[in-house]
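> model this:
(chains A and B)
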Amino acid sequence: MFHIVVCGGIVPDPLQTLEPVKGPTGWGLKNELMLPSILDPWASHALYEAAHLAKSVAGSKVWLVSLGPKAKLQQVMMTVAQKAPFELVVADGPAGGFVDSAEVATALYNAISGIAGLDTSKLLVFGGWQSASRGAGATLQMLGEKLGITDQFQGVDKLTVGADGALEIMERIEGGAYLVSTCAGAPAVLGWATGELPEPPNNPQVGMANMRLVMPALQKAKPAALDLAAIDYQSVAVPAQKRDTRLVKDMPVDEIARDIIAWIQG
Amino acid sequence: MDTVFFLAHTEADGSLSKASLEALTAAKALAAGLGAPLGLGLFGADVAAAASAVAGCGAALFGVSGEAFGLPRYATDAAAMEALCKAGGATIVIAADDSRASRALPGVAARLGGRIDAHVTGLAAKDGQAVATRGFYRQRMQAELTRAGRPWCLTVSAGCFAAYDGAPGEASLTAVDVPASPALTRTTVKAVIAPSADEQTIRPDAKLLFVTGAGWTKKQADGATHVPEAGELILGFLGKSKASLGSSKSLVDMGGEGEAVLPFLTHLHQVGQTGATPRHPKGLATCCHGEEPHVVGWRFIAERRAVNLDASCGWAQGKADVLYVADAFAVMKKVNELLG
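The predicted structure is shown next:
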């Protein structure tokens, strides 16, 4: 059996236009609290994989540990809670991308340390390989170190558990290749890429069961003490990307093809 | 005063990768800009050859050698890097942003009580302090940042600096001993699964990124889909042009939703908001719409062209240099013919 802790933050819906703004507590997004949020995409995959693993290994359990503002987390959980069974653990704090990864790792560690009944010898820490906000690809490793876990894997697309509890893991490496490793068993940290499982359909029954625990978890959430001055941001800006697009209409296919080849070979 | 310390693992043949040599250039330039000493830490099965190759940069050299350190494994990599940083008195640590270093270096930062900023695209000394540039929100924002705390670890993205090409020399290497205890080897590396050269469609060093969108699998003018033909055209072009293949999320996701798909596409090909942001000098998009999540994947593509039937699609909104309003099936068929 495994005790699977999935770490996942919330991020603005990818279709939203984002604009940086500096406030009294540092950099953030303009109208951040008004933006619709989703569970971080790669963390979502981690949650689906965790739920699948917990279902296939008897006695396993999944916790979703999230650092974010309580009100926004509650909104996101209305959807996420219908996807997979889990118990929510909340650290109340900012969810933006400009918070230092080490600070986030500490907040997650404190939240995980407070989970009653968590057996660290059976612990698998799941999360997104990178986030869609900070994109550090560093938080899980730092969290793993705090938990004393030195078997870590990043960019994971596949996990196979042997009959003896050993783990076989496929990690993405350069050039579209995979590194295949085996680990003696839990504890381990796995930062998921896309995984192999599609997004599960909403299941209202799972949602109702989860929400019975989500609301108390939100009420019990402790404020996360984060050092927002750990990084000195000298500037934050949206990169200039506007191009003067040349629209080519009514050009014969042969000419387009020749134009493209000349461009490629030029 | 800071000590800038470059960290790298050796490749299977004992050399340093191009990405590592690029990171070395960044470290060397930063050390020079700060007036700080530069140290080099190498680890691998045998670091002697790599040490000789970079001995000309004039830095103090430290190395961890041993069979256990030749394999890409978090526990041994982190132990080696931690020991090297301590031996070299590192306060600013720089490594390449490859899968092996970027997996372990954050853990090393935690062990050393330091901080890390990954995927750095720019690094320079400004007013006597190190300033890094990196993206946020999947490259939708860019920030310049610095830190007062030390040690400060950074991983440098590939393609941002020229590779170090100094002359090799005789290395004076300080060996650092790291016992490969059983606790470090609970993980066993079994294999690397890579497509053969002929089947390889992800080519990070290619000059062109060829991106396919969902339009390739939609009904065409005759009211039918032509997925097999689309596959032949795409693979034919990749074979002739040696371009790297990318895909929109919507096309990759179709496989999981039971729709007709191009069988050679995987999530590894996905570019954009939830995929890769590759670096190629040129990019050609076909049957893509060009909305913001797609454009994120094109952030580092210098010259961009697109083929699409819809003149009012997202690519026409200032994101591509040229948008050909045409049928991609017909255009790519002709392109393949002309390429021979």
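> get me the contact residues on the stretch 151-300 of chain B for chain A.
B:183-184, B:186-195, B:200-204, B:207-208, B:241, B:253, B:256-257, B:267-270, B:273-274, B:282, B:284, B:291-293, B:295, B:299 (C-beta under 8 Å from any C-beta of the partner chain). In this view, the C-beta of every residue, glycine as well, is placed from N, C-alpha and C.
> just the buried ones from these?
Members of those that pass the buried threshold by neighbour count (16 or more other C-beta atoms under 10 Å in any protein chain shown) are listed as B:184, B:186-187, B:194, B:200-204, B:208, B:241, B:253, B:267-270, B:273-274, B:282, B:284, B:291-293, B:295, B:299.
> residue in the stretch 151-300 of chain B with the shortest distance to chain A?
Checking the stretch 151-300 of chain B residue by residue against chain A with C-beta to the nearest C-beta singles out B:I202 as nearest, at 3.1 Å.
> how about that residue, what does it touch?
Contacts for B:I202 were tallied using C-beta atoms under 8 Å, 6 or more residues apart in numbering or on different chains; they are A:175-176, B:244-245, B:268-269.
> from those, which land in strands?
B:244-245 (DSSP state E).
> quick one, helices of the chain?
No chain was given, so I picked chain A. Taking DSSP state H as the test, the helices found in chain A are A:41-56, A:70-80, A:101-113, A:139-146, A:204-220, A:253-265.
> can you look at chain B instead?
Taking DSSP H as the test, the helices found in chain B are B:18-34, B:48-54, B:74-88, B:99-111, B:227-241, B:249-256, B:292-296, B:328-339.
> mean neighbour count, those: which tops it?
Relative to the other members of these, helix B:99-111 carries the highest mean neighbour count by mean count of other C-beta atoms under 10 Å in any protein chain shown, namely a mean of 26.
> re the thing from before, including pLDDT, could the contacts of B:I202 go into a markdown table?
Putting the contacts of B:I202 into a markdown table (pLDDT from 0 to 100) gives the following:
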| residue | pLDDT |
| --- | --- |
| A:G175 | 86 |
| A:G176 | 87 |
| B:S244 | 94 |
| B:L245 | 94 |
| B:L268 | 86 |
| B:H269 | 88 |
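> spatially central residue for chain A, please.
A:A43 (2.8 Å; C-alpha atoms, centre = their mean).
> ok, that one to B:D117 distance?
Note on A:A43: its distance to B:D117, by C-beta to C-beta, to the nearest Å, is 20 Å.
> kindly report the same for B:G88.
Following C-beta to C-beta, the distance that separates B:G88 from B:D117 is 20 Å.
> check B:A214 too.
Look at B:A214 and B:D117: by C-beta to C-beta, they are 35 Å apart.
> what residue ranges in the stretch 101-250 of chain B score low on pLDDT?
Low-confidence segments of the stretch 101-250 of chain B, defined by pLDDT under 70, are absent.
> which residues of it fall in strands?
Chain-ordered strands for the stretch 101-250 of chain B, with DSSP state E, counting those that start in this stretch as the definition, fall at B:115-126, B:129-136, B:141-146, B:152-156, B:173-175, B:187-193, B:208-212, B:244-247.
> quick one, the third one and strand B:129-136 angle?
Between the direction of strand B:141-146 and that of strand B:129-136, the angle (axes from the mean of the first three to the mean of the last three C-alpha atoms, to 10 degrees) works out to 160 degrees.
> contacts only, for the spatially closest residue to A:I149 that is not a sequence neighbour.
In space, A:I149 comes closest to A:P187 once its chain neighbours are excluded; the distance is 4.7 Å by C-beta to C-beta, 6 or more residues apart in numbering or on different chains. When contacts are counted by C-beta under 8 Å, 6+ apart, A:P187 is found next to A:120-125, A:147-149, A:151.
> what sits against the closest residue to B:L208 other than its chain neighbours?
Counting by C-beta to C-beta, 6+ apart, B:L208 lies nearest to B:A243, which is 4.0 Å off, once chain neighbours are set aside. For B:A243, the set of contacting residues under the criterion of C-beta under 8 Å, 6+ apart consists of B:203, B:206-210, B:237, B:284.
> cool, and A:K72?
Taking C-beta under 8 Å, 6+ apart as the contact definition, A:K72 lies against A:10, A:33, A:37, A:95.
> buried ones among those residues?
When the contacts of A:K72 are checked for burial by 16+ other C-beta under 10 Å, the buried set is A:10, A:37, A:95.
> from what I can see the first one touches A:Q74, true?
No: at 10.5 Å, A:I10 does not count as touching A:Q74 under the criterion of C-beta atoms under 8 Å.
> which of the residues in stretch A:87-99 are buried?
Neighbour-count burial for stretch A:87-99, counted by 16+ other C-beta under 10 Å, picks out A:88-99.
> hmm, B:E67 is touching B:A45, no?
Yes: with contact defined as C-beta under 8 Å, B:E67 and B:A45 form a contacting pair (5.6 Å).
> quote the end-to-end distance of stretch B:145-152.
12 Å (C-alpha to C-alpha, to the nearest Å).
> then stretch A:11-29?
Using C-alpha to C-alpha, the distance between the terminal residues of stretch A:11-29 is 11 Å.
> which residue in the contacts of A:K72 has the weakest pLDDT?
When those are compared by pLDDT, A:L33 scores lowest at 87.
> is chain A within reach of stretch B:304-321?
Yes: contact of stretch B:304-321 with chain A (C-beta under 8 Å from any C-beta) involves B:304-305, B:307, B:311, B:315-321.
> which of those residues sit farthest apart?
B:V307 and B:G318 (17.4 Å; C-beta to C-beta).
> the two: which is more packed in?
For B:V307 and B:G318, the more surrounded residue by other C-beta atoms under 10 Å in any protein chain shown is B:V307, and the numbers stand at 29 against 14.
> look up the pLDDT of the more buried one for me, please.
Note on B:V307: pLDDT of 94.
> ditto for the one 10 residues further on
The predicted local distance difference test score for B:Q317 is 81.
> tell me the residues of the stretch 1-150 of chain A that contact chain B?
By C-beta under 8 Å from any C-beta, the residues of the stretch 1-150 of chain A that approach chain B are A:11-12, A:14-15, A:17-18, A:20, A:27, A:41-42, A:97-98, A:100-102, A:105, A:132-142, A:144-146, A:150.
> contact partners for residue 219?
All of this is about chain A. With contacts defined as C-beta under 8 Å, 6+ apart, A:Q219 is in contact with no residue.
> nope, chain B please
By C-beta under 8 Å, 6+ apart, B:K219 lies in contact with B:T225.
> phi, psi of it?
Main-chain torsions, B:K219, degrees, to the nearest 10: phi -60, psi 140.
> measure it to B:M254 for me?
As for B:K219, its distance to B:M254 is 14 Å (criterion: C-beta to C-beta).
> then B:N336?
The gap separating B:N336 from B:M254 is 24 Å, by C-beta to C-beta.
> and if you look at B:M1?
Taking C-beta to C-beta as the measure, B:M1 and B:M254 are separated by 56 Å.
> swap in A:V161?
Plainly put, A:V161 is 29 Å away from B:M254 if you go by C-beta to C-beta.
> same question for A:L124.
In this structure, A:L124 lies at 30 Å from B:M254, with C-beta to C-beta as the measure.
> A:A229 now?
If you measure A:A229 against B:M254 using C-beta to C-beta, the figure is 46 Å.
> B:G283 now?
When C-beta to C-beta is the yardstick, B:G283 and B:M254 sit 22 Å from each other.
> same question for B:Q273.
Counting by C-beta to C-beta, the gap between B:Q273 and B:M254 amounts to 17 Å.
> much appreciated, bye for now.
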